[in-house]
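Chemist: give me coordinates for this.
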Amino acid sequence: MAISEVALHVLSAALPSPPIDLFISNSHSRVPRRIKTSYRKKRFSSCVNSHSFTGFSHDRMRIYGMPYRSVDPSSSLRCHCQKADGVVGLTSDDGNGSWLKDPATIANQILSDMNGQKILGVEDLQHSSNGKPDVGNDDRSPSDAAVNHVAHKKKGSSVEDDAWRLLQDSVVYYCGSPVGTIAANDPSDASVLNYDQVFIRDFIPSGIAFLLKGEYDIVRNFILYTLQLQSWEKTMDCYSPGQGLMPASFKVRTVPLDGDESTTEEVLDPDFGEAAIGRVAPVDSGLWWIILLRAYGKCSGDLSVQERIDVQTGIKMILKLCLADGFDMFPTLLVTDGSCMIDRRMGIHGHPLEIQALFYSALLCAREMLAPEDGSADLIRALNNRLIALSFHIREYYWVDMRKLNEIYRYKTEEYSYDAVNKFNIYPDQVSPWLVEWMPEKGGYFIGNLQPAHMDFRFFTLGNLWSVVNSLATTNQSHAILDLIEAKWSDLVSDMPFKICYPALEGMEWKIITGSDPKNTPWSYHNGGSWPTLLWQLTVACIKMNRPEIAARAIDVAEKRLAADKWPEYYDTKRARFIGKQARLYQTWSIAGFLVAKLLLAKPEAANILWNEEDADIINALNLMVDSSNPRKKRGRKVLKKTYIV
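Modeler: Presented below is the predicted three-dimensional model:
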């Protein structure tokens with residue numbers, strides 16, 4: 001019997017029901033295979049349910065809205081999991097032979113995981129994954145600012161209790177196991193569109209909230225199940241997801257099994273952007289997945305997940321996709337418009353700050369988690385080179401403050417040389433009048449985008465806050481970003497934190513850039529709307545820089561309205577006085593973002609599962625690069641031989 005068949009035989013007999021589907025393959029196959037493949041979309045089934053089960057109706061096959069700790073899957077339905085003909089990786093013919101393991105190695109890993117009890121089963125749901133104490137019950141004292149905030153807001157406990165209940169109600173189950181949270185859960189809204197799906201980017205604050213409360217199982221399940229949905233096939237057409245791409249979202253569906261209406265199965269149906277508005281693939285999903293994977297290990301202490309062969313392979317696939325050579329000359333990640341949180345046309349194509357900040361963070365997290373082995377050496381080398389070049393590029397060319405504005409205002413154009421100061425041929429007339437008046441004397445920020453002859457001077461919140469969190473910004477720049485937030489509080493926070501970008505596109509500019517998008521009218525949705533979910537990222541950045549009072553002030557503003565307004569997705573108008581005209585109510589990441597902000601403010605030391613400290617090697621390399629980029633120094637064609645493209 002081939003070793004993969006042995007593994008399959010052992011798994012089918014020994015695995016508890018329902019397990020996380022594992023990567024098992026025929027030992028003679030050289031091509032990655034998936035079960036339930038149907039025209040590009042991978043539908044992964046594990047649960048088979050019979051309608052004859054007592055007390056179980058067809059309408060309850062897809063389970064939402066029950067606190068998952070109280071669920072006993074074995075009593076509500078008997079799941080007989082079909083093992084997936086999972087992905088075993090690519091052979092050397094695919095150009096990745098040194099990265100991925102052969103079937104025999106994976107089978108050995110599966111058997112090893114079984115012996116080491118690393119496989120999650122139903123019975124694991126009744127226990128804490130690692131016996132770790134609840135973060136919220138830790139005895140250590142929070143900061144003075146947090147103490148004052150909690151003491152002043154005792155009445156807020158009812159708001160938090162309501163938020164926790166709503167978050168638990170949004171949990172999605174697959175074969176009885178919690179695997180994520182739906183995007184919105186408004187019982188009064190009959191038009192759900194895709195808000196009943198589990199979005200990777202939307203689940204991040206939900207996952208962090210569960211981690212901080214010691215609820216590790218749902219995060220572990222989410223990580224492993226979404227890994228199975230990752231695109232592994234190497235395609236040559238423009239209608240399939242690229243190799244290594246993570247889906248934007250997935251949905252749990254209940255379908256008849258093999259045409260038999262009396263028996264059904266639950267399947268995970270991913271969306272890689274084929275059904276999305278605008279048909280844009282999500283660049284940020286894989287980056288957020290890596291960030292959450294690291295946070296899970298640091299918070300739970302369970303490093304077995306990130307050490308698994310399939311997880312290590314998934315990390316490498318994402319990195320390979322992002323580090324692939326192309327036509328771009330910059331170390332930033334080139335993407336299309338709508339490929340991140342701002343998922344509609346907003347003129348952020350090219351090198352938007354949000355993607356660069358997440359990219360940098362994912363590179364740091366991946367480097368920390370990658371197992372040291374021969375197959376990873378080249379990847380880690382490329383990763384380190386990209387980190388240094390990307391850090392220099394963003395810090396040097398994306399940063400703007402009063403000093404930098406003066407420099408841009410006096411730029412000379414049409415400079416042709418290696419020693420050019422105005423490397424991107426930026427025309428001084430691009431400095432908008434609003435920016436001249438808006439920029440405070442103390443403070444600065446990273447601009448939204450940089451391309452040849454174009455600087456997008458809008459302030460994008462997520463990119464700037466995450467640059468603080470992951471140390472893409474220097475210490476001085478990080479404080480300057482928070483200084484600017486304080487100085488421009490009435491513009492960026494006002495009656496509801498936090499503006500997703502500032503200022504809004506208006507008039508003819510709005511018509512041209514957004515295509516007259518009726519949802520992105522000025523000061524609405526992604527065009528200057530206010531998004532409560534950004535509270536948690538603001539809180540992490542403030543705690544990291546030891547300025548939690550800024551986050552506490554923003555949370556106080558939000559807490560006065562969020563529950564009363566039924567937790568909307570976003571707010572409209574320049575001062576965020578109205579609930580968004582098309583905002584969903586009971587938006588899960590609005591709820592989770594608030595909870596994470598409250599938990600972290602009460603327990604600031606827990607925020608270190610999310611941030612990255614400055615790397616000494618990167619700092620030393622950057623110092624050398626700054627010296628070498630000084631225009632006063634003689635530079636010749638030999639600079640093209642340098643490792644770092646800046």
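Chemist: neighbours of Leu370, how many?
Modeler: Number of residues near Leu370 (other CB atoms under 10 Å) recorded here: 18. For every residue, glycine as well, the C-beta is placed using N, CA and C.
Chemist: again but with Ala504, I slipped
Modeler: Ala504 has 21 neighbours, counted by other CB under 10 Å.
Chemist: so who does it touch?
Modeler: Taking CB atoms under 8 Å, 6 or more residues apart in numbering, we find Ala504 in contact with 510, 522-524, 527-528, 574.
Chemist: closest to Ser206 among those residues?
Modeler: Among the contacts of Ala504, Ser524 lies closest to Ser206 (CB to CB), at 24.9 Å.
Chemist: quick one: contacts for the nearest residue to the closest one once chain neighbours are set aside?
Modeler: Using CB to CB, 6 or more residues apart in numbering and skipping residues adjacent in sequence, the residue nearest Ser524 is Asp572, 4.6 Å away. Applying CB under 8 Å, 6+ apart to Asp572 gives the contacts 523-525, 529-530, 578-581, 583.
Chemist: taking the residues you listed, please make a ChimeraX selection of just the buried ones.
Modeler: Once 16 or more other CB atoms under 10 Å is used to decide burial, the buried members of the contacts of Asp572 can be selected in ChimeraX as follows:
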select :523,524,525,529,530,578,579,580,583
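Chemist: for the contacts of Asp572, give me CSV that also has distance to Ala209.
Modeler: Below are the contacts of Asp572 laid out as CSV (distance: CB to CB, whole Å):
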residue, distance to Ala209
Trp523, 29
Ser524, 27
Tyr525, 24
Gly529, 23
Ser530, 21
Phe578, 27
Ile579, 23
Gly580, 23
Lys581, 28
Ala583, 21
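Chemist: from the contacts of Asp572, which land in helices?
Modeler: If you go by DSSP state H, these have nothing in helices.
Chemist: now the contacts of Asp572 in CSV, with distance to Asp556 and pLDDT?
Modeler: Output for these, formatted as CSV (distance: CB to CB, whole Å; pLDDT from 0 to 100):
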residue, distance to Asp556, pLDDT
Trp523, 23, 98
Ser524, 25, 98
Tyr525, 25, 98
Gly529, 21, 98
Ser530, 15, 98
Phe578, 20, 97
Ile579, 19, 98
Gly580, 21, 97
Lys581, 26, 95
Ala583, 22, 96
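Chemist: just the contacts of Asp572 now: which is nearest Gly259?
Modeler: Nearest to Gly259 among those is Ala583, at 41.4 Å by CB to CB.
Chemist: regarding the chain, what is its longest strand?
Modeler: Looking across the chain with DSSP state E, the single longest strand is strand 260-271.
Chemist: what's it packed up against?
Modeler: On a contact count with 3 or more CB pairs under 8 Å, 6 or more residues apart in numbering; DSSP states H and E, strand 260-271 meets strand 41-42, strand 44-50, helix 217-229, strand 249-257.
Chemist: angle of it against helix 217-229?
Modeler: 90 degrees (axes from the mean of the first three to the mean of the last three CA atoms, to 10 degrees).
Chemist: contacting residues for the nearest residue to Lys519 once chain neighbours are set aside?
Modeler: Leaving aside its chain neighbours, Lys519 sits nearest to Tyr525 (5.1 Å; criterion: CB to CB, 6+ apart). Shown in contact with Tyr525 (CB under 8 Å, 6+ apart): 344, 519, 570, 572, 580, 582.
Chemist: and these as TSV, adding distance to Glu486?
Modeler: Listed next are the contacts of Tyr525 as TSV, based on distance: CB to CB, whole Å:
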residue	distance to Glu486
Arg344	30
Lys519	31
Tyr570	23
Asp572	24
Gly580	26
Gln582	31
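Chemist: farthest-apart pair in the residues you listed, please.
Modeler: Using CB to CB, the two most remote members of the contacts of Tyr525 are Arg344 and Asp572, lying 15.2 Å apart.
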